[in-house]
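> 3D model of this:
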Amino acid sequence: MDLARTEVAKEPPGPAEAVPRRGPRRGGAARLGLMALPVAFFGVFFAYPVAAIVVRGLKTEGRGGGWQFGRIAEVLGDSGIRHVLWFTTWQALVSTALTLLIALPGAYVFARFDFRGKDVLRAVVTVPFVLPTVVVGTAFLALVGRGGLLDELGGVRLDTTVWAILLAHVFFNYAVVVRTVGGLWAQLDPRQEEAARMLGASPFGAWRKVTLPALGPAVAAAALMVFLFTFTSFGVVQILGGPTFSTLEVEIYRQTSEIFDLTTAAVLTLVQFVAVGLILAVHAWTVRRRETALRLVDALLTARRPRGAGQWALLAGVLATVVVLILLPLGVLVERSLDAPGFGYYKALTSDDSGIFLVAPIEAIGNSLSYACAATAIAVLVGGLAAAALTLRTRPRGDGKTPVTDRLVRGFDALLMLPLGVSAVTVGFGFLIALDEPPLDLRSSWILVPLAQALVGVPFVVRTMLPVLRAVDERLREAAAVLGASPWRVWREVDLPLVRRALLIAAGFAFAVSLGEFGATVFIARADNPTLPVAVARLLGRPGDLNYGQAMALSTILMVVCAVALLVLERLRTDRTGEF
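Take a look at the predicted model:
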């Protein structure tokens, strides 16, 4: 394939119609072949378990059992369920508004300012996003809960209040806004705003009329993603909300594992599925607008050192926000884990005397690492094939209509994002009731946990690799195809060397999110093989200072692993564009 690169360098192809339409451009068959494994994976391990839960809940048992569609109206007519739906939507809207308000100044600072320690700070603000929501809840519990820092200093307790939930959501989603909006903001030509100011516009007026419209799609995309993550919030609400507050995800968990009302759980799953589908459809539209409507410049050319008192004050304000909102909860988490003299809580992790687990809690670390490695391998394989399928192009039809393959791929692209929003609780419980018969009797198999974790990792692999794959010069692929290379060989010898670094970054994100998956794992992790998030949640659910301290210690260990992974990823990154 070096010959292919040489041919492109020596003699660029002529008009498009003169280029032989071979290899990647010629057939939808290559796309469909690449899509086969990802589609099968999502069909068997996502669609099938979710459908099994819905069918089990809405269909009466026994031979010839009918559908209970009347139960949908009955469930939605329940005042308690309506309150859950209202609170889920309300807290998601408020959390999104607060996150935008607090994080947009940070997006500007990361996009336009160049200062010492910027890369480290970028990794720091991303750590909360890859932390398990259980650890996020634990960190805020140590800050605002009973016996927390605020309680000790001023007798202030915010746990079991909506404010603790909202602040934790801002903490978790701050990086979504900073990286999504900041990534685009860094590529906007600042000379356009400067020209508006030269024509007499005030600084705010120039920003409002020139920059804000250009940032609109990115802001909308970030807001939709924050809304999605808070709408489906589980671990944060379960730990900080107590029995007072419940989101759809928490209510699905309660109906499934405590009340055993699968009908109500199925109805709520359908409601969440429809809501998430609408959110993802709007999000895809805003992303397409961002990709096609703007002319961008190199992000390295737009950042400069702050000038004037106002810009230095803005930088100081953002740094103070990061310290209070992000570093303080994480610091309190570490401090609480060290409360016992001589690292007592960490030493207690080596004992199995608590009765909560069949093994010592420390073994959850090894379990989580091994599960996450397996999940990462699965996510990279499935996500890599999916990204390659989304990148390949097919020849346009003579009548100007979109090829059928392209329409299938668009639906496939949306399918890849669904695991981020559909109830992980439903998927986990669906694994238990659907994958229990040959040839898919996996309930006693260790692979069940990595499969559930990989479902969450695949979207991150796809979103990390897609921008890089789309940036590969199409002429390289065409020249390789002209020289007789098959689509697989084109991918292996043209694309792969160019995207190897992006592949490592994608694997890092998949590893981090797999390590912290909780919603599905809480159902399928066995007592003799608990994962770190499951162990933290079970320790917090038991009274006693020792259990609380061990939960803090395990959360600190998990936080450190995620932070190290993020720092390594920041060193690997060569571009600052895209969402993550």
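> the longest helix in this protein is where?
Assignment by DSSP state H gives helix 79-112 as the longest helix of the chain.
> who does the helix or strand following that helix touch, helix- and strand-wise?
Using DSSP states H and E, the next helix or strand after helix 79-112 towards the C-terminus is helix 118-130. Helices and strands touching helix 118-130, by 3 or more Cβ pairs under 8 Å, 6 or more residues apart in numbering; DSSP states H and E, are helix 79-112, helix 162-185, helix 308-322, helix 496-516, helix 545-572. (Each C-beta comes from the backbone N, C-alpha and C, glycine too.)
> could you dump helix 118-130 to PDB, C-alpha only?
The C-alpha atoms that make up helix 118-130 are tabulated as PDB, following Å, rounded to 0.1, in the frame of the first residue of the first chain:
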ATOM      1  CA  LYS A 118      -4.100  23.400  30.200                       C
ATOM      2  CA  ASP A 119      -3.800  19.800  29.100                       C
ATOM      3  CA  VAL A 120      -3.700  18.500  32.700                       C
ATOM      4  CA  LEU A 121      -6.700  20.700  33.500                       C
ATOM      5  CA  ARG A 122      -8.600  19.300  30.500                       C
ATOM      6  CA  ALA A 123      -8.000  15.800  31.800                       C
ATOM      7  CA  VAL A 124      -9.100  16.800  35.300                       C
ATOM      8  CA  VAL A 125     -12.500  18.200  34.100                       C
ATOM      9  CA  THR A 126     -13.100  15.000  32.100                       C
ATOM     10  CA  VAL A 127     -12.500  12.600  35.000                       C
ATOM     11  CA  PRO A 128     -16.000  13.000  36.500                       C
ATOM     12  CA  PHE A 129     -17.600  12.100  33.100                       C
ATOM     13  CA  VAL A 130     -15.900   8.700  33.000                       C
END
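> Can you check what angle separates it from helix 308-322?
40 degrees (axes from the mean of the first three to the mean of the last three Cα atoms, to 10 degrees).
> picking up where we left off before, just name the most buried of the helices and strands packed on helix 118-130.
Among the helices and strands packed on helix 118-130, judged by mean count of other Cβ atoms under 10 Å, the one packed with the most neighbours on average is helix 162-185 (a mean of 25).
> Please state the mean pLDDT value computed over it.
With pLDDT averaged residue by residue, helix 162-185 scores 86.
> buried stuff in the next helix or strand after it?
From helix 162-185 onward toward the C-terminus, using DSSP H and E, the following helix or strand is helix 190-198. Across helix 190-198, burial judged by 16 or more other Cβ atoms under 10 Å covers 190, 193, 196.
> for these, which one is nearest residue 569?
residue 190 (27.7 Å; Cβ to Cβ).
> Could you check how far the closest residue to residue 373 other than its chain neighbours is from residue 366?
Of all residues not flanking residue 373 in the chain, residue 511 sits nearest, at 7.2 Å (Cβ to Cβ, 6 or more residues apart in numbering). As judged by Cβ to Cβ, to the nearest Å, residue 511 and residue 366 stand 15 Å apart.
> I'd like the domain boundaries of the chain, if you could list them.
Taking automatic domain parsing as the reference, the chain has its domains at 27-51+377-540, 78-336.
> Which one, of those domains, ends up nearest to residue 563?
Between residue 563 and the domains of the chain, the tightest spacing by Cβ to Cβ is seen for domain 78-336, at 5.0 Å.
> So, low pLDDT: which residues of the stretch 1-150 of the chain?
1-28, 30, 60-66 (pLDDT under 70).
> can you do 90?
1-39, 42-81, 107-150 (pLDDT under 90).
> which is the next helix or strand following whatever helix or strand residue 31 lives in?
Per DSSP H and E, residue 31 falls inside helix 28-42. Per DSSP H and E, the first helix or strand lying C-terminal to helix 28-42 is helix 48-58.
> For the helix or strand following that next one, enumerate the helices and strands it packs against.
Using DSSP H and E, the helix or strand that follows helix 48-58 in sequence is helix 70-76. In terms of contacts (3+ Cβ pairs under 8 Å, 6+ apart), helix 70-76 is packed against helix 79-112, helix 262-292.
> And residue 392, how far from residue 488?
To residue 488, residue 392 is 12 Å away according to Cβ to Cβ.
> a markdown table please, covering the helices and strands packed on helix 118-130 and showing distance to residue 149.
Output for the helices and strands packed on helix 118-130, formatted as a markdown table (distance: least, Cβ to Cβ, whole Å):
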| stretch | distance to residue 149 |
| --- | --- |
| helix 79-112 | 20 |
| helix 162-185 | 13 |
| helix 308-322 | 17 |
| helix 496-516 | 24 |
| helix 545-572 | 13 |
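> for those helices, which one sits closest to residue 42?
That would be helix 496-516 among the helices and strands packed on helix 118-130, by Cβ to Cβ, at 15.4 Å.
> what separates the closest one from the chain centre, distance-wise?
13 Å (Cα atoms, centre = their mean, to the nearest Å).
> Give me the angle between that helix and helix 118-130.
50 degrees.
> going forward, begin numbering at 335 instead of 1
Renumbered: residue one is now 335, and that last one reads helix 830-850.
> Extract the C-alpha set from helix 830-850 and format it as CSV.
Output of helix 830-850 as CSV, limited to C-alpha atoms (Å, rounded to 0.1, in the frame of the first residue of the first chain):
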residue,chain,number,x,y,z
LEU,A,830,-5.5,1.4,10.1
PRO,A,831,-2.0,3.0,10.1
LEU,A,832,-3.5,6.4,9.9
VAL,A,833,-6.0,5.8,12.7
ARG,A,834,-3.9,3.7,15.1
ARG,A,835,-3.6,6.6,17.6
ALA,A,836,-7.4,7.2,17.5
LEU,A,837,-7.9,3.5,18.0
LEU,A,838,-5.8,3.6,21.2
ILE,A,839,-7.8,6.6,22.5
ALA,A,840,-11.1,4.8,21.7
ALA,A,841,-9.8,1.8,23.6
GLY,A,842,-9.0,4.0,26.6
PHE,A,843,-12.4,5.6,26.7
ALA,A,844,-14.1,2.1,26.3
PHE,A,845,-11.9,0.8,29.2
ALA,A,846,-12.8,3.8,31.4
VAL,A,847,-16.6,3.6,30.8
SER,A,848,-16.6,-0.2,31.1
LEU,A,849,-14.8,0.0,34.4
GLY,A,850,-17.6,2.2,35.8
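> Show me what that helix is packed up against.
When contacts are defined as 3+ Cβ pairs under 8 Å, 6+ apart, helix 830-850 packs onto helix 452-464, helix 467-478, helix 697-725, helix 782-805, helix 866-874, helix 879-906.
> Taking their axis directions, that helix and helix 697-725 sit at what angle?
Between the axes of helix 830-850 and helix 697-725, defined by the same axes, to 10 degrees, the angle is 140 degrees.
> pLDDT below threshold where in the stretch 785-914 of the chain?
Using pLDDT under 90, the stretch 785-914 of the chain drops low at 786, 790-914.
> run the last query once more with 70
Checking the stretch 785-914 of the chain against pLDDT under 70 turns up 805-807, 904-914.
> Low-confidence regions, the stretch 485-634 of the chain specifically.
617-618, 620-634.
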